[in-house]
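Undergrad: I would like to see how this sequence folds:
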Amino acid sequence: MDRHHYETFEKFGNNTFLIHLDNGRAFGRHSKDEPSILAPLEQCCRIRRSTWLRLLLLSLPRYRLSDVMRASLSHDPLHRAAPLLTQPHLAAVDRRLQAVLQTVSRCQERKRREEGEEDQVIYDDIAHLKREESPAG
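TA: Residues are numbered from 1 along each chain as shown. Okay, the predicted model is just below:
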């Protein structure tokens, strides 16, 4: 939520620059989701296969996103003082991941209904990368 705004220093005339401020709201309030953040995904209905597969993996109980984040954050030196994300915030991450997955599913259903093809939603960047990596014959 804090990345949608910027500040500038204008004291130096034309030698100004952008400043992105981190207000610590990247995870927002755990009790309130911001559905407008999904607007670009809903409007474009496109996602890379590599991203889609990673999100699906992180939705599985064995690789749950909140568990992966908790384990990763436990290595941060600040973790000893206090958890960087509280349990309610970690639960919100899992809930929000489900919202992303549902949005992609709705996109697939809409493409299937309107165009008879859901595969247009997921761009196969994996096959594209494999073609680029293969030696020219």
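Undergrad: Who are the contact partners of residue 31?
TA: 88, 92 (Cβ atoms under 8 Å, 6 or more residues apart in numbering). Any C-beta I mention is one placed from the backbone N, CA and C, and that applies to glycine too.
Undergrad: So which residues of the chain form strands?
TA: Secondary structure of the chain (DSSP state E): strands at 7-9, 17-19, 47-48, 122-123.
Undergrad: Could you report the neighbour count for the closest residue to residue 65 other than its chain neighbours?
TA: Distance criterion Cβ to Cβ, 6 or more residues apart in numbering; nearest residue to residue 65, sequence neighbours excluded, is residue 58 at 4.1 Å. Residue 58 has 18 neighbours, counted by other Cβ atoms under 10 Å.
Undergrad: packing partners for the helix ranked longest in the chain?
TA: The helix that spans the most residues within the chain, counting by DSSP state H, is helix 87-115. On a contact count with 3 or more Cβ pairs under 8 Å, 6 or more residues apart in numbering; DSSP states H and E, helix 87-115 meets helix 39-44, helix 49-59, helix 65-73.
Undergrad: Tell me which of these sits nearest to residue 110.
TA: When these are compared by Cβ to Cβ, helix 39-44 sits nearest residue 110, at 9.4 Å.
Undergrad: Flag every buried residue along that closest one.
TA: Neighbour-count burial for helix 39-44 flags residue 41 (criterion: 16 or more other Cβ atoms under 10 Å).
Undergrad: before we move on, what about stretch 46-61?
TA: By 16+ other Cβ under 10 Å, the buried positions in stretch 46-61 come out as 47, 49, 52, 55, 58.
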